[in-house]
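sequence and computational prediction follow.
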Amino acid sequence: MLSQVRRQRLKELGTAELSYAGLAHVEKELHFCHEVYRTPPPWPVVDVTAKSIEEIAAEVCALTVDSGCEQLCRCLSGLRNIYRQRTRFRTKGQEGRT
């Protein structure tokens, strides 16, 4: 399936890079991915399933503070505030619409 998707994409782009879409290349990539995913990563993993952006940011901030990355934490807090402002702006702009 992935090979077919890649072939179609290459056709639409007008390129003839067939090795990228070839079955052998796709199988090699999948094998590499399976090897990577079998090994636990050396970095913390944050499960973002069913969490708001604020919850994710708080969890990432907690991890960064523990590892001494306070500057990154401040940056993430700033991004969270920007997200909240944009969300409020969109909500206010959509009031009264059906």
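Here it is on my side, so go on. Predicted, not measured: the structure shown is a model, and the values here were computed from it.

what helix or strand does Ala62 sit in?
Per DSSP states H and E, Ala62 falls inside helix 53-66.

who does that helix touch, helix- and strand-wise?
Other helices and strands packing on helix 53-66, by 3 or more CB pairs under 8 Å, 6 or more residues apart in numbering; DSSP states H and E, are helix 70-93. Where C-beta positions appear, they are placed from N, C-alpha and C, glycine not excepted.

what average pLDDT does the helix it packs on get?
Mean pLDDT, helix 70-93: 64.

can I get the helix holding Ala62 in PDB, CA atoms only?
C-alpha atoms of helix 53-66 as PDB (Å, rounded to 0.1, in the frame of the first residue of the first chain):
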ATOM      1  CA  ILE A  53      -2.400  21.600  24.900                       C
ATOM      2  CA  GLU A  54      -2.200  23.000  28.400                       C
ATOM      3  CA  GLU A  55      -1.900  19.600  30.000                       C
ATOM      4  CA  ILE A  56       0.800  18.600  27.500                       C
ATOM      5  CA  ALA A  57       2.700  21.800  28.100                       C
ATOM      6  CA  ALA A  58       2.500  21.400  31.900                       C
ATOM      7  CA  GLU A  59       3.900  17.800  31.600                       C
ATOM      8  CA  VAL A  60       6.700  18.900  29.300                       C
ATOM      9  CA  CYS A  61       7.500  21.800  31.600                       C
ATOM     10  CA  ALA A  62       7.700  19.500  34.500                       C
ATOM     11  CA  LEU A  63      10.200  17.300  32.600                       C
ATOM     12  CA  THR A  64      12.300  20.200  31.500                       C
ATOM     13  CA  VAL A  65      12.500  21.800  35.000                       C
ATOM     14  CA  ASP A  66      13.600  18.400  36.400                       C
END
